[in-house]
Every structure is written in C-alpha cells, then in structure tokens.
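Colleague: Quick one: sequence plus predicted model below, questions after.
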Amino acid sequence: MNRPSLPALSTRVGQARHGDNHFFGFSVATELAGCETVTGLIAMSVTGRRLSPEERAVLDDIAVVMTVADPRIWPLKLTRVLSAYGSALPAMAAANLCIERAHIGHFTTGVAAERLVDVANAVGDAVTDEERLSEAVGSILARHGRFMGFGVPFRAADERVATLGRCITARNRERHRYWRLFDAVSAVMLASRGLRPNVGLAVAAACLDLGLTPREISLIAVALGQTDYLANAVEGALQAPGVLRELPADRVRYVGQPARVSERSSQENAGRGSSAPAPGR
Amino acid sequence: MTGPIEETEWPEELTAHVVDSSGEPRVHGYAVESDLASHYTHAEVALLAMTGELPAPEAARAFELAAVFLAGASLAEAPLHAARLSRVCGAPSSGTIGVAAVGLAEQARHVVASHRDLLSWLAGESSGFPERHRSQSDVERESVGRLAAALRFPVPGLQESPSRTAALLCVLWAAGLRSAEQLELAWTLARLPVAVAEARAVPPAALRQYPMNTPPFVYEP
C-alpha cells in the first residue's frame, strides 16, 4: 500500500539494544549498574542529566525528610480506600491522578518554586533587603491570593522544615542563593502575616539550588514521595478491610435534594387514578 | 545502533474491530449518525459495542434497568469515597473522573470475582443456586422485587431470592453480558456519573470537612 511514512519521534530516554539497554545515553550494564542510584535515575528521568553524588545526596535527604506516611492524610487515605479491594497498584495510580495540579501533595513544590523564582527575579542580588522582599511578597499575594509554600495545617510549625534545614547545613548548602532567599522570605512572612513555611517551600529552595526548574521540581518531588503511597497501598491491599470497601451507613449523612416524584411517575399514577408510585418504580 | 526492536518485523498499523472511522463512523458495521442515533438509545449502543450485536428488546430493557439500579451507589462505598477524597485534595476534574473510574473498575472486579460461582451457575456449569448469594434482609428482597417487577419478563436467578448484587448480575447476564470484562465495564459505566457528581458536590480542598478518623487508624509498628 502506498502511504506517506510517519515522521520519526526523537527520544533521549532509552533504547533496547542487544545484551544491554540505554538510558539517556548511558549503558545500563556498563555505565549505570553498580554506580547509579534510584534517586539518580529519578533525576535523570525528569531532567535528562546525570547528577553528581552530592546533588543526589541532597535529593535523598529531601525524599527521606518529606516522608509522612500517616494513612489518615487525605491522598494516602485515598490509597487505603482503593487498595481495600486487594490490589496495590490501582490504588497508587489513583493517588497519582489525584495529586497533579491539586492543592496539597508533592506536586505543589513546583508552584512554591515558581513563587520563589518570582521573588528572586524581583530582588536580584539583594536577598536580605527587607523592603524589596516585602514588596515582592506583596506582589505575589496580590496576584495569586496566597504564597504557595506558606501555611502549616494543624500545628505551629512544619517539623520537616527544621529537619531539612539541618540536612542542608550539614551539606554546607545553607549559603546557596535560594536557601538564603527561603530564610529571608520566611522571616518576612512570619513578621507580616504570621505564616510559617511548609516543607514544600523548603524543598523548592533546595531543588532550585540544584539548578532544577519548577516543573522539574514538581515531578521529582512526586517521584521521590512515592514511598508514602507505596507503603500504604501495600499494607492496605494486604489488609483489604471491608470497612473501607464500604463504611457503615450511619457514617454518611445525606444533605441533598429531598425525596420527590418524577413527572413521568406522576403522570403514570394519575393515569392509574392513584397517587401511590407505580409498582417497580 | 540497532537492537531487537529495530531488527524485528512489526505490523505498520493498529487493527480496529469495533469502530470504522473512515467516512461516517460505524460501530460493528452500523452507521452511528444516520442509523443508530435515530433508532437506538445510548444503552443499546453500549450493548452493541460490548457484544457486537444490537440487543433484542428484552436484553436492552434488562441492561437499562440494571444500569439505573446500579446508579444508586453510596458515598460509603470505596469508589465514591475515593473520588470525594480526590476533590478534598483539590484535584482537577480529570483527576477526580480518573479516580472514580479506577475505583469503580476495582469494585467491579471484586464483585464479579466474588460472584464467580453465581456466574458459573448461570452458565449451566454447576447445579444449585449458590446459597451465599441469597438475600439477607427484607430491604434487599424489596429491592429485588422492584427490579423483577420493572423487568416484566422472567430472568434466570431472580426467583432464587438473590441478594441485590446477585440479582443485578443475573439481569446483566440476561442482557447478554457474559464475560468478566463485560460485566465489569457495565458496572463501571453505570456508576461513573453519580460517583463523579457525588465527589464534586463539595468545594475543592475542603480539608476540614472530611472525617479524618473514619475509620480510626492506630499506629502499632
């Protein structure tokens, strides 16, 4: 059959070769195996580049610090609810559907990163200039209504921010540009609005200092955070509790439309000369 | 540099078996716009898609009724509960729809698998209606009674005092849906609109409105 050829799609991601596989230009068998890590593969998947061991170590710190696997936290609860049928992977898939562009979850780190970049662009090198910082923060609040990365639910401070701060200091990265900016903006927000940063903004700062873009930060944070979902999906599938497949009826309170009869049912009843609903309806 | 994929011969096209989209679209040979749209309901076209043939009137009626009965899904059930959680997280609508679909497909898989003995009985592969699929309450018996009355024709299994779920599977079987995939798809399709509607009935990111300790979890490492 004569038909035009399809254009070839370019990919940097991978190729299956005889006796080996290639990933972003590297041989899995001879250049990655034994010297690359899962974190490094995640970073390569998103950025296309291979991180240094120091950069990978920062991402490892982030992954560990971000760990909050309490099954009551809303997207993890979702994982529990859907793994109650005995399968872990559909529950994980559903949880990931839920967190892209959502208001909570690791994807928000990219949005927090965008706000930090906005502030950085506004203040330039004057990272500690309180007036310019306040102006930049005010501009963000006027434009977006809130500063993503600020606000800590149900407690005074996000304990993960302090933990990540200790890790950043231990790796001598606390004087990097975006971490300094994170400290400075946090001081301004606390003084002016009484709001403290959550781990999303801290992660954003640490990742921006690795040269990652906001989009890359969202995706890497989600990938690094999969262990929270995996742990809950695995245990949830093993337990498969009936109470999560269906809650007791008294745990649902109906507040919608009151009971009513459809027009067709009314007409049918009128035709029968009865006000009672027809049988089978 | 080549590898096994480059060096293997592959077909150059996908093969469609259900929809012919050259010219006016056809589903299993029937013209969608100039034929099906004017003469058949959405439910009948769904059955056509799933079974390959337009249904007889009784099969269409059975499918329609089962689908309507299935629409009465509760927020207490996992797929709707999960979809609601996605809305609480502030997921976009596509995310909520996806969560609902995954949840319903999982529920359907679980239901069909746990009724394998019933389906085997319906297929004539075993004798004796499975006792564990008989109704457990008057509420269930009344619901099945309403289903039978609405059908107005006999459906195998409905005389066995089945549970509501078993009765619905019997009716879907009578509609011509015999494989696990067909039954799971019908179940998922029937419940998807109400699942998404229930999920989106609250504002996005309404975190404090969600009952976090229902049920409670106790940390016991």
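Modeller: Now that the structure is in, tell me what you want to look at. Numbers count the residues shown, from 1 in each chain, chains lettered A, B, ... in the order given.
Colleague: buried stuff in stretch B:203-217?
Modeller: Within stretch B:203-217, the residues scored as buried using 16 or more other Cβ atoms under 10 Å in any protein chain shown are B:204-205, B:207, B:210, B:214. Where C-beta positions appear, they are placed from N, C-alpha and C, glycine not excepted.
Colleague: ditto for stretch A:49-63
Modeller: Buried, per 16+ other Cβ under 10 Å, within stretch A:49-63: A:50-51, A:55-63.
Colleague: Save the residues you listed as a markdown table, and put in pLDDT, distance to chain B and secondary structure too.
Modeller: As requested, the buried residues of stretch A:49-63 are exported to a markdown table (pLDDT from 0 to 100; distance: Cβ to the nearest Cβ, whole Å; DSSP: H, G, I helix; E, B strand; the rest coil):
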| residue | pLDDT | distance to chain B | secondary structure |
| --- | --- | --- | --- |
| A:50 | 96 | 20 | coil |
| A:51 | 96 | 25 | coil |
| A:55 | 97 | 29 | helix |
| A:56 | 97 | 28 | helix |
| A:57 | 97 | 27 | helix |
| A:58 | 98 | 27 | helix |
| A:59 | 98 | 24 | helix |
| A:60 | 98 | 23 | helix |
| A:61 | 98 | 23 | helix |
| A:62 | 98 | 21 | helix |
| A:63 | 97 | 20 | helix |
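Colleague: what's the farthest-apart pair in the residues you listed?
Modeller: A:50 and A:61 (18.5 Å; Cβ to Cβ).
Colleague: Just the closest of the buried residues of stretch A:49-63 to residue A:5, please.
Modeller: Closest approach between the buried residues of stretch A:49-63 and residue A:5, by Cβ to Cβ: residue A:50, at 34.0 Å.
Colleague: Share the number of residues neighbouring residue A:209, please.
Modeller: A count of nearby residues for residue A:209, using other Cβ atoms under 10 Å in any protein chain shown, gives 21.
Colleague: Kindly report the same for residue A:26.
Modeller: Neighbour number of residue A:26 under other Cβ under 10 Å is 17.
Colleague: residues in contact with it?
Modeller: A:32, A:36, A:50 (Cβ atoms under 8 Å, 6 or more residues apart in numbering or on different chains).
Colleague: got the residue ranges for the helices in the chain?
Modeller: No chain was given, so I picked chain A. Secondary structure of chain A (DSSP state H): helices located at A:38-47, A:53-65, A:74-83, A:89-99, A:108-123, A:130-144, A:159-170, A:177-193, A:199-208, A:214-224, A:226-239, A:242-245, A:263-272.
Colleague: that's the wrong chain, I wanted chain B
Modeller: B:37-39, B:42-51, B:57-70, B:78-88, B:93-114, B:116-122, B:138-151, B:164-174, B:180-199.
Colleague: JSON lines for these, including mean neighbour count?
Modeller: Converted to JSON lines, those look like this (neighbours: other Cβ atoms under 10 Å in any protein chain shown):
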{"stretch": "helix B:37-39", "mean neighbour count": "10"}
{"stretch": "helix B:42-51", "mean neighbour count": "19"}
{"stretch": "helix B:57-70", "mean neighbour count": "20"}
{"stretch": "helix B:78-88", "mean neighbour count": "28"}
{"stretch": "helix B:93-114", "mean neighbour count": "21"}
{"stretch": "helix B:116-122", "mean neighbour count": "18"}
{"stretch": "helix B:138-151", "mean neighbour count": "16"}
{"stretch": "helix B:164-174", "mean neighbour count": "24"}
{"stretch": "helix B:180-199", "mean neighbour count": "21"}
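Colleague: Out of these, which gets nearest to residue B:17?
Modeller: Across the helices of chain B, closest to residue B:17 is helix B:42-51 (Cβ to Cβ), at 10.7 Å.
Colleague: can you give me the angle the closest one makes with helix B:180-199?
Modeller: 140 degrees (axes from the mean of the first three to the mean of the last three Cα atoms, to 10 degrees).
Colleague: Give me the helices and strands touching helix B:42-51, please.
Modeller: For helix B:42-51, the elements it packs on are strand B:26-27, helix B:57-70, helix B:180-199, judged by 3 or more Cβ pairs under 8 Å, 6 or more residues apart in numbering or on different chains; DSSP states H and E.
Colleague: neighbouring strands for the shortest one, and are they parallel or not?
Modeller: According to DSSP bridges, strand B:26-27 has the following sheet partners: strand B:19-20 (antiparallel), strand B:30-31 (antiparallel).
Colleague: Pull out the buried residues from stretch B:27-37.
Modeller: Buried-residue list, stretch B:27-37, by 16+ other Cβ under 10 Å: B:27-28, B:30, B:32, B:36.
Colleague: coming back round to it: export the strands paired with strand B:26-27 to JSON lines and append columns for mean pLDDT.
Modeller: As requested, those are exported to JSON lines (pLDDT from 0 to 100):
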{"stretch": "strand B:19-20", "mean pLDDT": "97"}
{"stretch": "strand B:30-31", "mean pLDDT": "97"}
